[in-house]
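Visitor: Sequence first, predicted model second:
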Amino acid sequence: MPQDFRNDLKRNVNTVVTLLTGGDYDAIIGIRICNVAATAITADVYITNTSVDYYLCKNLPIPIGGAVELIQGGAKIVVKNGDVVKAITNTSNGADIVTSYVDTISE
């Protein structure tokens, strides 16, 4: 079955940003966070569902020049209509974030 692969790019993240708003069952296949700051940073990534935050990572340390892949080895995270995937770092202009996902999984 054909799939609709997409990505979302965020640059110099330091405030809460939305990485993906779930539609009719999307599948996140990758979230890469790269430290672009001159110091070590920490990052949070979470899914908000009916005003409750569910963390994928919290205070994740990323060294200078380092990067972290949150979803690896063929793992996927399904987000449904109303789920909002968000991220934040603790440092001004701290990270670039690439989110890869399949839009509306085929039946």
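Guide: Alright, I've got the coordinates.
Visitor: Pull the contacting residues for the residue most central in space within the chain.
Guide: The structure's the chain has its C-alpha centroid closest to Ile31; by Cα atoms, centre = their mean the separation is 4.6 Å. If you count contacts by Cβ atoms under 8 Å, 6 or more residues apart in numbering, Ile31 has them with 19, 45, 56, 69-71, 85, 87, 97-100. Every residue, glycine included, has its C-beta placed from N, CA and C.
Visitor: which non-adjacent residue is nearest it?
Guide: Leu70 (4.2 Å; Cβ to Cβ, 6 or more residues apart in numbering).
Visitor: Touching, that neighbour and Ile33? I think so.
Guide: Yes: assessed by Cβ atoms under 8 Å, Leu70 is found in contact with Ile33 at 7.1 Å.
Visitor: Could you list the buried residues of stretch 75-95?
Guide: 77, 79, 83, 85-91, 94-95 (16 or more other Cβ atoms under 10 Å).
Visitor: Redo the residues you listed as a markdown table? Include distance to Val52, secondary structure and pLDDT.
Guide: Below are the buried residues of stretch 75-95 laid out as a markdown table (distance: Cβ to Cβ, whole Å; DSSP: H, G, I helix; E, B strand; the rest coil; pLDDT from 0 to 100):
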| residue | distance to Val52 | secondary structure | pLDDT |
| --- | --- | --- | --- |
| Ile77 | 16 | strand | 92 |
| Val79 | 14 | strand | 92 |
| Asp83 | 11 | coil | 95 |
| Val85 | 14 | strand | 96 |
| Lys86 | 12 | strand | 96 |
| Ala87 | 17 | strand | 96 |
| Ile88 | 17 | strand | 95 |
| Thr89 | 22 | strand | 95 |
| Asn90 | 22 | coil | 95 |
| Thr91 | 26 | coil | 92 |
| Gly94 | 25 | coil | 92 |
| Ala95 | 24 | strand | 96 |
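Visitor: if we take those, which one ends up nearest to Ile62?
Guide: For the buried residues of stretch 75-95, the closest approach to Ile62 (Cβ to Cβ) belongs to Ala95, at 7.1 Å.
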